[in-house]
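In: this one's sequence-less:
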C-alpha cells in the first residue's frame, strides 16, 4: 500500500520565505529571514526541515504563491515554458514576482523530480466582468493585456470559504473583504465571487500601503518625469519603496510603530490610511449596490482593533456599528447585535489555499 503524500507550500518574498507542510491539514510551518537574492541555501534547510516532519510520508509536490498570473485562471505545473511566461509579468509586480520565481528555480535544482505548482493571487478575480476590468485606454492596449487584474486572491479565496463556515447565512451576500497589511487591498464579493477590487494592473493601485502610494493621479508621474527628470527606475523606487505610510510619516511603514508614536506625522499617515480605506469601501459598496457585511483580515486588519474601529467609524452612513468590547477582544464577529451591516475579523490562511490547489495537480 502506498504511503500518503504531503505537499510543501512556499511563499517567497524579498527578504523572507514562509513555508508549511500539509497533509489533510497543516502539519508544521516556519519562516526564514534574510533570503536576499539567493534561495539555494535556505531552501536546502527547508527541505531538511521537511524531511524531519514527513513522519514516514512522502513529499508529492510543492506549491508556490505567484503574485501575478496574467490571464491564467487556474493553478499550473511550473515547467520551463510556464516560468518564461511568468517572467514576462515581473515588471508588473517587481517586489514579488522575481522572488516567487527564483524560489521555484532554486527548488527545481535541489529536487528536479518534484512537481511544483503555481497558485496565483490574480486568479480569484477572473469573475469580474469586462467593465470592472477595463481602463479608459485605447482598446488596442486592453487587447494587449493592459487591464485590471486584482491581487491578494489567495487570501480572498480563503476568507470567502471561511465566511461560509462562521456566518453561512450572510456569506452569500454583498461582502467587502479588507486585506490590510503592508500590502493592502479591498475586494467586493457577491455570492462569494469577486466583482470588483482596489488593486488593478499592478499591486500599486488602490489603498495607501506600508511603502506603496496606492491610487495616484497619473499626471503626477508625467510631472515627475518632465519637471523632475525622474526615470523609470527612480519612479519604481519611489512608488514601491518610499511612499505610503513610510513616505507620509517619514518615520516607518509599519503600522504598529506608527500607532505607538506620538509624532504628528505618524498620526497624519494613519489618518490617510483610514480615510482612503473608508473611501474605497464606499466605492465598492456602489459596485455591490449596497453592503451586507465587511471582513477585516491581513496583519493590520486581523490585529489592530484601533484601525478597525477608525475605519468602521467612517462607515456609519452604510449602517455599520461595531461592538467595542468584541472588537477590542479580538472576537470573530465584531459588529453590534443590532447593526444592519455585519463585521468580522478573520485571520487569513493563504498557505491552506496553496496546499489545496497544489494537491489537485501534484497530490
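Out: Yep, that arrived. Keep in mind it's a predicted model, so treat the numbers as computed, not measured.
In: now find how far off-centre the helix of greatest length in the chain is within its chain.
Out: Longest helix in the chain by number of residues (criterion: DSSP state H): helix 264-288. Centre-to-centre, helix 264-288 and its host chain are 18 Å apart (Cα atoms, centre = their mean, to the nearest Å).
In: what packs against it?
Out: The elements that helix 264-288 packs onto, with contact taken as 3 or more Cβ pairs under 8 Å, 6 or more residues apart in numbering; DSSP states H and E, are strand 174-180, strand 184-190, strand 193-197, helix 244-249, helix 255-260, helix 305-313. Every residue, glycine included, has its C-beta placed from N, CA and C.
In: got the domain boundaries for this protein?
Out: 5-120, 168-345 (automatic domain parsing).
In: span of the last one from start to end?
Out: End-to-end span of domain 168-345 (Cα to Cα, to the nearest Å): 15 Å.
In: show me what counts as buried in the longest helix of the chain.
Out: Residues of helix 264-288 classed as buried by neighbour count (16 or more other Cβ atoms under 10 Å): 266, 269-270, 272-274, 276-278, 280-281, 284-285, 287-288.
In: circling back to that earlier point, can you put the helices and strands packed on helix 264-288 in JSON lines and add mean pLDDT, mean neighbour count and distance to residue 16?
Out: Below are the helices and strands packed on helix 264-288 laid out as JSON lines (pLDDT from 0 to 100; neighbours: other Cβ atoms under 10 Å; distance: least, Cβ to Cβ, whole Å):
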{"stretch": "strand 174-180", "mean pLDDT": "98", "mean neighbour count": "27", "distance to residue 16": "18"}
{"stretch": "strand 184-190", "mean pLDDT": "98", "mean neighbour count": "26", "distance to residue 16": "18"}
{"stretch": "strand 193-197", "mean pLDDT": "98", "mean neighbour count": "22", "distance to residue 16": "25"}
{"stretch": "helix 244-249", "mean pLDDT": "98", "mean neighbour count": "22", "distance to residue 16": "18"}
{"stretch": "helix 255-260", "mean pLDDT": "98", "mean neighbour count": "16", "distance to residue 16": "17"}
{"stretch": "helix 305-313", "mean pLDDT": "98", "mean neighbour count": "19", "distance to residue 16": "23"}
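In: of all these, which one is nearest residue 332?
Out: helix 305-313 (12.4 Å; Cβ to Cβ).
In: what residues does that closest one touch?
Out: 178, 180, 255, 259, 270, 273-274, 277-278, 281, 296, 300-301, 320-322, 324, 327-328, 330, 334, 343, 345 (Cβ atoms under 8 Å, 6 or more residues apart in numbering).
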